[in-house]
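turn this into a model:
(3 chains)
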Amino acid sequence: MPIYESVMQEKPPIVLDIGNAYTKLGFAGEAYPRKIMPTEVVLTTTGNTKRLFDYEQKDELYDQIIDFLQTIFFKHLLVSPKERKFVVVENIFGRTVIRETLARALFVHFDVSSVLFVPAHLIALSTLAVATAVVVDIGYSETSIMPVFSGVQIMSAFKDQSYGGSAIHAEIKRQLLETGVKESLLTESVLEDIKVRTCFVTTMDRAHSRSRGDENQPKPPPSVDYIICDNDTMVEVPGLLRETVYEIMFEPNNERDSLPHLILRSILNCTLDVRKPLVESVFLIGGGSMVQGLLPRLQQELQHLLTNDPYYAERFHD
Amino acid sequence: MSFMQPSPVKYACSCGILNPINKLFFCRHCPKLRCGYCVCTEIESHFCSNCLENIPSSEARHKKNCCANCFDCPCCQHTLSARAANVPVVRKSEETKEGESKESPAAAGTPPATASSKPSAIPTTKKIYYLSCLSCRWTTRDVGIPDQGVASGTWPENECLYQARFNTLVDYYQSIVLQEKQEKLEFMRRKAPKQHKFPSLTDRTGLTVSLIRRQIGWHEKSIPKAKAISIPPAEATADVGSLPEDIFTEPLNLRNITTIAQRHGQPGDQPTAVSNLYPQRRSLWIKRSLRCRQCEHNLIKPEYHPTSIKYRIQLFASYHVPEVLMVRCEQPLQPGKANAILLKLSNPTMYDMTIRILSALPPEEALISPEAFQQACKIKEEVVTSSPLVRNTGLTLSRQNSTREVKREVEDVSNAEIVPLESEFVLSQRDDSKEFDEDVQLPTEEPKFIVWRKGNKVLIRLQFTPADELPPNTDVMLGFFMQYTYVNTVSNASDKKEPTTHALHSRIFINAGAIEKAN
Amino acid sequence: MEIGDTYYSKDEYVETASGNKVSRHTVLCGSQNIVLNGKVIVQSGAIIRGDLANVRAGRYCVISKDSVIRPPYKQFSKGIAFFPMHIGDHVFVGEGAVVSAASVGSCVYIGKNAIIGRRCVIKDCCIIEDGAVLPPETTVSSYMRYTAKGTIEGGQGNPYFVPAAMQDEMVKYTKAFYEHFVRTPAI
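Got it, this is the predicted structure:
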């Protein structure tokens, strides 16, 4: 098969997924990324570390992207970007300035041969060989929902809310400050570590009885003594915090914009004929979706809403 | 120490970025200053920074840029060292197991599959090896990896759980691409019959290849149509597991839960439990060579060998451009008050240099705007690409591309007025043997701004006035142009053999220090 | 920036025939095992443990105040053994640094209060940042910069982190340091 061989012998394209918190990078045709690294750049001018998307002027962003790509190519991937093909996974509603600057850096500075931008929600489905699903991306700065039907994104049904990883960090920080922890200790990396290693999503029964303010509140899980290595200090992470920080994703309110509501509303924004296959497959991606207990909770919540909420009940059960 | 502290003297690179001289290069062919931003980086060689072994690039690609022998700690990313332990030599394998488990209590809890592989490795040798991190004390025994008989033993690879599924996915998508391409080819063939200059046999006789083949009894040669492989799609499941009940009652042991950095160290499976961390193959490093974007000549090219510190090509700016060192200001810096700065200039080249210090460029040179610069580049490109040989090899595209980076305007950060030197002066050539000569001061007539002179070094006094409205503690920046003669020993034209002399200029900014508080 | 003169008193420093300048306020244990190859400056408060094993330092080295040069040891089943330590030419050891490396190449800059664990191998033209801690048996290959955060940056040909002309820079710096390390002029 001559075509097949020519496809294989070509240098594999470089795949970049530059997220707000972490960047995933690797080569096409490999099962997992070569490297997952913080989206931070060591500035070559000063040697300081800075978040990639913190910038004031466009030129500054351009220089930072160049420094960032330099590290990716020559420290991690160890390939010359010149005349290589690139696949960039992007948020379809991401900022145009970032996309344009990235493309300019790749073409003008690194002299690459082609760049293919693929929407994150759509491309995630290709790993399942499934063409229809509601894709929920729980990222760092936001949670976004995009229904995909037969490999086509239903743009009008796109929904996003700001409860991503950074909102969870803010919630952990708020609760810890209430217990009297010094703010200077709670750096972004400490908050992230507390989130990843101690927190989880609780069950719906416990969360509901807590929000109703029942007489016999469920006993909070044991608290954890967390050591902040840089300062040699210990912080007590209360059990209540561990259990409740993720509740910001599920808080019921009149806006109907908690995560389960958002998923259902997004499906309702699609035409009637596609709703059934969509509601049958919900696909969660993004770092935030890896937290323990999220999947069962979301399932409980969705089922609860579909049977008990009259708004959804009448629209979904006919 | 110029490379450990921010240097007060910065040169404007030809791309417009300010840099200290030790980060700059000098392209002899252009001849212009180049910095890390306006060069093209290439990979010279791969090597492992721990065992210092050179690894050919094909092998590096095959090994996924990892060293075959060195491992990193999955906990703290430091290098793992092989540690030896002695086990009493016993003939029978049962006894070996006992001795072994005494030696390494952590390994005793290994699953039977790994335990069974032990006896084959142990009875023949007296020593056993395990990997240990000397930074965080992690060992391979912690996670139940069996000890090895040889120091560079076969440590388990952490396999990706869904690799098989991924391979079928890749096959599936590739078959689709293939099918699409074939159909396109078929379509093109039918749509546009081949245009020949001369009528072929087929045209005249109506014979086609397939017809002839059938007549002489060969089987049909038609390419088998690629069939799309069907792939079972992933199925949505209603069973998403449940939160373990004991999470509400059991205390959490942070030591058993990996941090996010440790998870990302194993991107294939991203384990949450510390017991699933495995030694990671150490990633390779590279030596880079830098190339001028404009003329494609190498600026630096290191030697292959990982331990060598030499270069085969080294066009550092400090070898070609007079170096300016700031010595001191004569008086405390006050806004609007005349002052003078002492600068030490040295000539690194083997030819005498004539130097002028100017506050602005001579008008004819100042006219060169970025557009004109790019225009000039284009003309040069055309000259290069007009040769048919180059055009045929397809090099033209890369040549044009490499000069596309936009030149920036030099940001004028100076906030002081300098008094340009009234005359030019000569800086004599570098002569290493003079270092050992007696210090003989020749009574020569010197311009009065020259304070001191020895060999290829000169100390000059430059007068300046900081701007009037500078608040205290702001840095005073002096900006000036240094024009110097440079003798180029390589020339672009091959017919000229003798060195040519250029008058070059560099724009220099000096941070003279902060304005002192007015008393 | 031009290096300023550093003055020392005539009484404190001993100057040898080969140009070494060694403070009297140092601890040089086992001095018969210490070889300074000339033009080496050992400043006050420095400790060199020649009693453990041989220590050789190349030309134009600077061993700053309160630093410790201690040959590395290795533990065997029958006890521990010390290994000789080699330091190349043009090496700068910052104030308060503890060096227990198996070998230090030429043109190496070791920052203030850096700690270099036992049996580390520091190749030529490296920078160890101020306050960096190298775990035992670390190898730092040429043109690398070991940061205080514990990461390694640079590499030969990388225009940032370690200057491409590190060799020249260190030669120039250590020579200038030696030339500007002068006796207090008599008043």
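
just give me the neighbour total for B:Thr501.
Look at B:Thr501: counted by other C-beta atoms under 10 Å in any protein chain shown, it has 13 neighbours. In short, each C-beta sits where N, CA and C put it, glycine included.

contacts only, for it.
B:485-488 (C-beta atoms under 8 Å, 6 or more residues apart in numbering or on different chains).

can you redo the residues you listed as TSV with neighbour count?
Listed next are the contacts of B:Thr501 as TSV, based on neighbours: other C-beta atoms under 10 Å in any protein chain shown:
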residue	neighbour count
B:Thr485	18
B:Tyr486	19
B:Val487	15
B:Asn488	16
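
min pLDDT across these, which one?
Here the lowest pLDDT out of these sits on B:Asn488, with 78.

contacts only, for the residue nearest the centre of chain A.
Nearest to the geometric centre of chain A sits A:Gly139, at 1.5 Å (C-alpha atoms, centre = their mean). A:Gly139 makes contact with A:19-21, A:91, A:164-165, A:286-288 under the criterion C-beta under 8 Å, 6+ apart.

got it, and A:Gly288?
A:138-140, A:143, A:164-165, A:168, A:294.

mind checking which of these land in helices?
Counting by DSSP state H, the contacts of A:Gly288 place A:165, A:168, A:294 in helices.

tell me the one of the residues you listed nearest C:Asn37?
A:Gly165 (56.5 Å; C-beta to C-beta).

quick one, phi psi at the nearest residue to the closest one once chain neighbours are set aside?
Nearest residue to A:Gly165, sequence neighbours excluded (C-beta to C-beta, 6 or more residues apart in numbering or on different chains): A:Tyr140, at 4.1 Å. As for A:Tyr140, its main-chain torsions (degrees, to the nearest 10) stand at phi -80, psi -50.

and the gap between A:Tyr140 and A:Ala170?
Going from A:Tyr140 to A:Ala170 by C-beta to C-beta, to the nearest Å gives 12 Å.

neighbour count for the two, which is higher?
The residue with more neighbours, out of A:Tyr140 and A:Ala170, is A:Tyr140; 20 against 15, by other C-beta under 10 Å.

thought the more buried one was touching A:Thr23?
No. Counting by C-beta atoms under 8 Å, A:Tyr140 does not reach A:Thr23; the two are 11.2 Å apart.

is the host helix or strand of B:Lys301 anywhere near chain A?
If you go by DSSP states H and E, B:Lys301 is part of strand B:298-302. No. Counting by C-beta under 8 Å from any C-beta of the partner chain, chain A is not contacted by strand B:298-302; separation bottoms out at 13.5 Å.

give me the buried positions along the next helix or strand after that strand.
Under the assignment DSSP H and E, the closest C-terminal helix or strand after strand B:298-302 is strand B:311-314. Neighbour counts using 16 or more other C-beta atoms under 10 Å in any protein chain shown place B:311, B:314 of strand B:311-314 among the buried residues.

equivalent analysis for stretch B:179-187, please.
Going by 16+ other C-beta under 10 Å, stretch B:179-187 has these buried residues: B:179, B:182.

so for it, what's the average pLDDT?
Stretch B:179-187 comes out at a mean pLDDT of 88.

spell out whether it and chain A are in contact.
Yes. For stretch B:179-187, a contact with chain A is found by C-beta under 8 Å from any C-beta, at B:181-182.

and that stretch, how far out from the chain middle?
41 Å (C-alpha atoms, centre = their mean, to the nearest Å).

extract the C-alpha trace of that stretch and format it as PDB.
Output in PDB follows, covering the C-alpha atoms of stretch B:179-187 (Å, rounded to 0.1, in the frame of the first residue of the first chain):
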ATOM      1  CA  GLN B 179     -10.000   4.900   1.200                       C
ATOM      2  CA  GLU B 180     -10.600   8.500   0.700                       C
ATOM      3  CA  LYS B 181      -7.300   9.000  -1.100                       C
ATOM      4  CA  GLN B 182      -7.900   6.000  -3.300                       C
ATOM      5  CA  GLU B 183     -11.300   7.200  -4.300                       C
ATOM      6  CA  LYS B 184     -10.000  10.600  -5.100                       C
ATOM      7  CA  LEU B 185      -7.300   9.000  -7.300                       C
ATOM      8  CA  GLU B 186      -9.800   6.900  -9.100                       C
ATOM      9  CA  PHE B 187     -12.000   9.800  -9.600                       C
END
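
A:Lys276 - that's part of a helix, no?
Yes. Judged by DSSP: H, G, I helix; E, B strand; the rest coil, A:Lys276 forms part of a helix.

what does the model give it for pLDDT?
In this prediction, A:Lys276 has a pLDDT value of 89.

please report how far A:Asp54 lies from B:Gln266.
29 Å.

for A:Ala105, that is, sorry about that
30 Å.

more neighbours: which of the two?
Each of A:Ala105 and B:Gln266 has its neighbours counted (other C-beta under 10 Å); A:Ala105 has more, 23 against 19.

contacts only, for the more buried one.
Per C-beta under 8 Å, 6+ apart, neighbours of A:Ala105: A:62, A:65-66, A:69.

tell me the phi and psi of it?
Torsion angles, degrees, to the nearest 10, at A:Ala105: phi -60, psi -40.

for the one 3 residues further on, same thing?
Here the main-chain torsion angles of A:Val108 (degrees, to the nearest 10) amount to phi -80, psi -50.

list the contacts of the helix or strand harbouring A:Gln175.
Here A:Gln175, judged by DSSP H and E, is contained in helix A:165-178. Identification of contacts with helix A:165-178 by C-beta under 8 Å, 6+ apart yields A:20-21, A:138-141, A:183, A:186, A:188, A:191-192, A:194-195, A:199, A:235, A:237-238, A:240-241, A:244-246, A:248, A:287-288.

what's the PyMOL syntax to select whichever of the residues you listed are buried?
Buried members of the contacts of helix A:165-178, defined by 16+ other C-beta under 10 Å, are picked up in PyMOL with:
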select buried, chain A and resi 20+21+138+139+140+141+186+191+192+194+195+199+235+237+238+240+241+244+245+246+248+287+288
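
in helices, which of the contacts of helix A:165-178 fall?
A:188, A:191-192, A:194-195, A:240-241, A:244.

out of the residues you listed, what pair is the most spread apart?
A:Glu188 and A:Leu240 (22.4 Å).

now, which of the contacts of B:Thr501 sits nearest A:Thr45?
B:Tyr486 (27.2 Å).

for whatever helix or strand that closest one lives in, what is the distance to the chain centroid?
Element membership of B:Tyr486, judged by DSSP H and E, is strand B:475-488. Per C-alpha atoms, centre = their mean, the displacement of strand B:475-488 from the mean C-alpha position of its chain is 29 Å.

helix or strand right after that strand?
Following strand B:475-488 in sequence, per DSSP H and E, is strand B:500-514.

buried residues in that next one, which are they?
B:504-512.

in JSON lines: those residues, plus pLDDT and distance to C:Glu95.
JSON lines is the format used below for those (pLDDT from 0 to 100; distance: C-beta to C-beta, whole Å):
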{"residue": "B:Leu504", "pLDDT": "86", "distance to C:Glu95": "41"}
{"residue": "B:His505", "pLDDT": "84", "distance to C:Glu95": "41"}
{"residue": "B:Ser506", "pLDDT": "86", "distance to C:Glu95": "36"}
{"residue": "B:Arg507", "pLDDT": "88", "distance to C:Glu95": "37"}
{"residue": "B:Ile508", "pLDDT": "90", "distance to C:Glu95": "32"}
{"residue": "B:Phe509", "pLDDT": "90", "distance to C:Glu95": "31"}
{"residue": "B:Ile510", "pLDDT": "89", "distance to C:Glu95": "29"}
{"residue": "B:Asn511", "pLDDT": "87", "distance to C:Glu95": "26"}
{"residue": "B:Ala512", "pLDDT": "85", "distance to C:Glu95": "28"}
